[in-house]
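>>> I would like to see how this sequence folds:
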Amino acid sequence: MAGEIGVGNGGRSLSIVEPGIIQTGFGTTAAHPLSAGDKASGPYADLKKTADEIMAQGYTSKMMATPPEAVASAVAKAVTARRPRSRYVVTPVARSLITMRRTVPDRAWDGFLRLQFRER
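The predicted model follows:
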């Protein structure tokens, strides 16, 4: 609804494709910028290092990352559907995180995030 209000309807529909982590070269680019630079030794150095490690692991994991063809398939479904859905979530991990965020209380979600970024 919000997207349709923003672009106007005019006989068109708007679908959002949420890809999640896709197996591309982007993982190499995205995995190390947080801990790089002159602030790498500051108070957030450990958090930045952990975030970089998680990012690198995510893009190489067969369980978390999906091939680019999965995104292409979702786009094709959205384009060819008679009544396209407003949202297409591609990866199982993205789907589970969206569901988890909708269903768990804020404190539980915050605790989950803290577990993800704890020192290793």
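
>>> by mean pLDDT, point me to the weakest helix or strand of the protein.
Lowest by mean pLDDT, DSSP states H and E among the helices and strands of the chain is helix 2-7, with a mean of 50.

>>> how close does the most centrally placed residue in the chain sit to T66?
The centroid of the chain falls nearest to G20 when counting by CA atoms, centre = their mean (3.6 Å). Shown here: G20 relative to T66, a distance of 7 Å by CB to CB, to the nearest Å. Yep, even glycine has a C-beta here, placed from its N, CA and C like the rest.

>>> buried ones in the helix or strand hosting R102?
Using DSSP states H and E, R102 maps to helix 92-103. Buried residues in helix 92-103, defined by neighbour count with 16 or more other CB atoms under 10 Å: 93-94.

>>> from the chain's centroid, how far away is it?
Distance of helix 92-103 from the chain centroid (CA atoms, centre = their mean, to the nearest Å) equals 10 Å.

>>> by how many degrees do the next helix or strand after it and helix 92-103 diverge?
Counting by DSSP H and E, the next helix or strand C-terminal to helix 92-103 is helix 106-116. Compare the direction of helix 106-116 with that of helix 92-103 by axes from the mean of the first three to the mean of the last three CA atoms, to 10 degrees and you get 150 degrees.
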